[in-house]
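>>> Show me the folded form of this:
(one chain, ligands or ions: 1)
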Amino acid sequence: MSIIKLQDLYFKPYINKEEIAAIVKNLAYQVELDLPKGEVPIFVGILNGCFLFAADFIREFNNNCEVSFVKLASYSGRKSTENVKELVGINEDLSDRTVIILEDIIDTGNTLQQIYNIFRDKNLKQLKIATLFFKPDVFRKELPIDYIGKSIEDKFIVGYGLDYNGLGRNHPAIYQLSTQPKMKNIVLFGPPGAGKGTQAEFLKDMYNLVHISTGDVFRFNIKNQTELGLLAKKYMDEGDLVPDEVTINMLKAEVEKNADAKGFIFDGFPRTESQAKALDEFLSEKGEQINGMIALEVPEDVLVTRLLERGKTSGRTDDTDESKIRNRFNEYNTKTAILKDYFNDQKKYYGINGVGSIEEITNRITKVFDTL
Ligand code: AMP
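Okay, here's the model as predicted:
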């Protein structure tokens, strides 16, 4: 989950769809437990925000039930100045029925109070309220809230039916208001030998960004014989990827070390889908995001030649043995190349021809970089 922009505002992930599903399921279960056997309730959803919640809720409710929706509208009669509201949508006779109001979110309770009062005068058998989210810190009414999915702090949230100026309802998760991202974060992507490290060295100075190469961090640790280095070495020597958990934790630590950075160039990370997701999650918690993935596209035979050439001087054991090099490509093709689709889906993929002089390629990259 990444941050989203709705008109002028940015929102960061808050509650994911799995958690929402669990909350809704539990709510439906609680309501079901409390109803007398054979009682057929009418669920009344308060539009617009509750439409997704209501749809999921009733699918988790396993007994017979009816569903209806209402909307509170300003009264268009003679005394509209009095701010009287009327309920639009209820036509059925509700006398002697059990009505359960479904709300997406209750904050001050003002709207709900008005709706509650209208239903209270309808001779019901029972009137209950079930809400997906509840803000205890701002609730000002004496109303009984019978079922609460989740109590949350007083944050402005959108998604899963909730909106900001009409937007954001379509997102399957809940997002909270955040600040405008301050960083420029770029993933420099490409197979081994594409020139990521070389280009990153130029770009970090041109744009005043911090360059993090996971390969370099591993090599530094190997040189200093740290525990991390010893662990990584056995994978790297074979041209295998180091396990995700180790790599992700290391990457996070590197980012945290540079808390004041204006942004990062990630080189050699992410290399798997779970690394990409972890990076998205990690940055979005900070209200930041990946601005784009710049991919250096180079044919494989050119790369093998480059790597063997580099191996003569780089001192990298994984650059000298052609079978180890082939394994690195195999790792790239099976685990890493799919990230093109991952970033493409987010409209963040920028492919660049990586064949040419270093300077030519830098120029190609900066053209894209300036637009991000
Ligand atoms: P590089 O310097 O980017 O070519 O990386 C050299 C080696 O370090 C790789 O072949 C992997 O063994 C390991 N490595 C670097 N980055 C990662 C990563 N993001 N995930 C897993 N292994 C990595």
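>>> for the longest helix anywhere in the chain, packing partners?
Secondary structure assigned by DSSP state H gives helix 17-34 as the longest helix of the chain. Under the contact criterion of 3 or more CB pairs under 8 Å, 6 or more residues apart in numbering; DSSP states H and E, helix 17-34 touches helix 51-60, strand 126-134, strand 147-151. Where C-beta positions appear, they are placed from N, C-alpha and C, glycine not excepted.
>>> So what's the residue count around residue 246?
The number of residues packed near residue 246 is 14, by other CB atoms under 10 Å.
>>> Can you give me the buried ones in the longest helix of the chain?
20, 23, 24, 25, 27, 28, 31 (16 or more other CB atoms under 10 Å).
>>> What of stretch 120-137?
124, 127, 128, 129, 130, 131, 132, 133, 134, 135.
>>> what does stretch 191-207 give?
191, 192, 193, 194, 195, 196, 199, 200, 202, 203, 204, 207.
>>> between the buried residues of helix 17-34, which is closest to the ligand?
Taking CB to the nearest ligand atom as the measure, residue 20 is the one of these closest to the ligand, at 30.9 Å.
>>> which ones are touching the residue nearest to that closest one when sequence neighbours are not counted?
Excluding the flanking residues, the one nearest residue 20 by CB to CB, 6 or more residues apart in numbering is residue 160, at 5.9 Å. The contact partners of residue 160, by CB atoms under 8 Å, 6 or more residues apart in numbering, come to 17, 20, 52, 53, 104, 169, 171, 172, 173, 174.
>>> circling back: what's the longest helix of the chain in contact with?
Outside helix 17-34, the residues touching it (CB under 8 Å, 6+ apart) are 41, 53, 56-58, 60-63, 100, 128, 130, 132, 147, 149-150, 160, 172-174.
>>> Which among those count as buried?
41, 53, 56-58, 61, 100, 128, 130, 132, 147, 149-150, 160, 173-174.
>>> quick one: residue 281 and residue 3 touch, right?
No - contact criterion CB atoms under 8 Å: residue 281 and residue 3 do not qualify, at 10.9 Å.
>>> got any residues that touch both of those two?
With CB under 8 Å, 6+ apart, residue 281 and residue 3 have common neighbours residue 13.
>>> Could you check which of those two has the larger neighbour count?
Shown here are residue 281 and residue 3; by other CB under 10 Å, residue 3 has more neighbours (21 against 14).
>>> Look up how far residue 269 lies from the more buried one.
19 Å (CB to CB, to the nearest Å).
>>> after the longest helix of the chain comes which helix or strand?
strand 42-46 (DSSP states H and E).
>>> Could you spell out the sheet neighbours of that next one, each with its direction?
Strand 42-46 has the following strand partners under DSSP bridges: strand 66-74 (parallel), strand 98-106 (parallel).
>>> what about the residue of the stretch 1-150 of the chain found nearest the ligand, neighbour count?
Nearest residue of the stretch 1-150 of the chain to the ligand, counting by CB to the nearest ligand atom: residue 2, 19.0 Å away. Neighbour count for residue 2, taken as other CB under 10 Å: 17.
>>> Using just helix, strand and coil, how would you label it?
Secondary structure state of residue 2, per DSSP: H, G, I helix; E, B strand; the rest coil, is coil.
>>> list the contacts for it?
The neighbours of residue 2, taking CB under 8 Å, 6+ apart as the test, are 13, 280, 283, 284, 289, 290, 346.
>>> do residue 176 as well
11, 12, 13, 14, 155, 156, 157.
>>> and the protein, what are its domains?
4-178, 186-369 (automatic domain parsing).
>>> could these be laid out in TSV, adding mean pLDDT?
Converted to TSV, the domains of the chain look like this (pLDDT from 0 to 100):
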stretch	mean pLDDT
domain 4-178	92
domain 186-369	92
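>>> any chance of these in a markdown table, plus distance to the ligand?
Supplementary listing: the domains of the chain in a markdown table, determined by distance: least, CB to the nearest ligand atom, whole Å:
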| stretch | distance to the ligand |
| --- | --- |
| domain 4-178 | 23 |
| domain 186-369 | 2 |
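>>> quick one on the thing from earlier: let me have the buried residues of helix 17-34 in a markdown table, extended by distance to residue 46.
Listed next are the buried residues of helix 17-34 as a markdown table, based on distance: CB to CB, whole Å:
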| residue | distance to residue 46 |
| --- | --- |
| 20 | 18 |
| 23 | 18 |
| 24 | 16 |
| 25 | 21 |
| 27 | 15 |
| 28 | 17 |
| 31 | 16 |
